[in-house]
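> sequence and predicted structure, then a few things I'm wondering about:
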Amino acid sequence: MSIYVGNLSYEVTQDDLTQTFAEYGSVKRVQLPTDRETGRLRGFAFVEMGTDAEETAAIEALDGAEWMGRDLKVNKAKPREERGSSGGGGGGGGWSNQNRGSRRY
């Protein structure tokens, strides 16, 4: 499982996050998503730590804490939802081909 870190400064670096979270245990990985079009940081990150106990300690210590001028939002990351096709599915009411024959022209 990993930790979601929100409301980050757009100036934050992976090293900044690694150093901060290392105070609570071993940091396995830090991900800082960027916007596809602009390349700019999106203001949140994901941090993976060595154990669940380390993650819990980091969450309890850092959630709501002020860091780099912002109040952090830190919690367990939720599993990513699958984004299937939003296909329209079904005809839902309306006119059928049989009803169209009764139109007036």
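Received, thanks. The model shown is predicted, which means the values in this text are computed figures rather than measured ones.

> going forward, measure contacts and count neighbours with C-alpha atoms only.
Will do.

> helices of this protein, start to end?
Taking DSSP state H, the helices of the chain run over residues 14-22, 52-62.

> what residues of the last one count as buried?
Read it as helix 52-62. Across helix 52-62, burial judged by 16 or more other C-alpha atoms under 10 Å covers 54, 55, 56, 58, 59, 62.

> with distance to residue 18 and pLDDT as extra columns, can I get those in CSV?
Listed next are the buried residues of helix 52-62 as CSV, based on distance: C-alpha to C-alpha, whole Å; pLDDT from 0 to 100:
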residue, distance to residue 18, pLDDT
54, 13, 97
55, 13, 97
56, 16, 97
58, 12, 98
59, 14, 98
62, 13, 98
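
> one step back: any chance of the helices of the chain in TSV, plus distance to residue 82?
Formatted as TSV, those follow (distance: least, C-alpha to C-alpha, whole Å):
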stretch	distance to residue 82
helix 14-22	27
helix 52-62	25
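
> nearest to residue 77, out of these?
Ranking those by proximity to residue 77 (C-alpha to C-alpha) places helix 52-62 first, at 10.7 Å.

> what's the closest one packed up against?
Counting contacts by 3 or more C-alpha pairs under 8 Å, 6 or more residues apart in numbering; DSSP states H and E, helix 52-62 is packed against strand 73-76.

> residues contacting the nearest residue to residue 8 once chain neighbours are set aside?
Distance criterion C-alpha to C-alpha, 6 or more residues apart in numbering; nearest residue to residue 8, sequence neighbours excluded, is residue 43 at 4.7 Å. With contact set as C-alpha atoms under 8 Å, 6 or more residues apart in numbering, residue 43 has these partners: 6, 7, 8, 9, 10.

> would you mind measuring from residue 43 to residue 80?
Counting by C-alpha to C-alpha, to the nearest Å, the gap between residue 43 and residue 80 amounts to 18 Å.

> now the end-to-end length of stretch 6-16.
14 Å.

> might you list the low-confidence residue ranges for the protein?
Along the chain, the model assigns pLDDT under 70 to residues 83-105.

> the nearest residue in space to residue 17 that is not next to it in sequence: what's it in contact with?
Nearest residue to residue 17 in three dimensions, chain neighbours excluded: residue 30, at 7.3 Å (C-alpha to C-alpha, 6+ apart). By C-alpha under 8 Å, 6+ apart, the contact set of residue 30 is 14, 17, 18, 45, 46, 47, 48.
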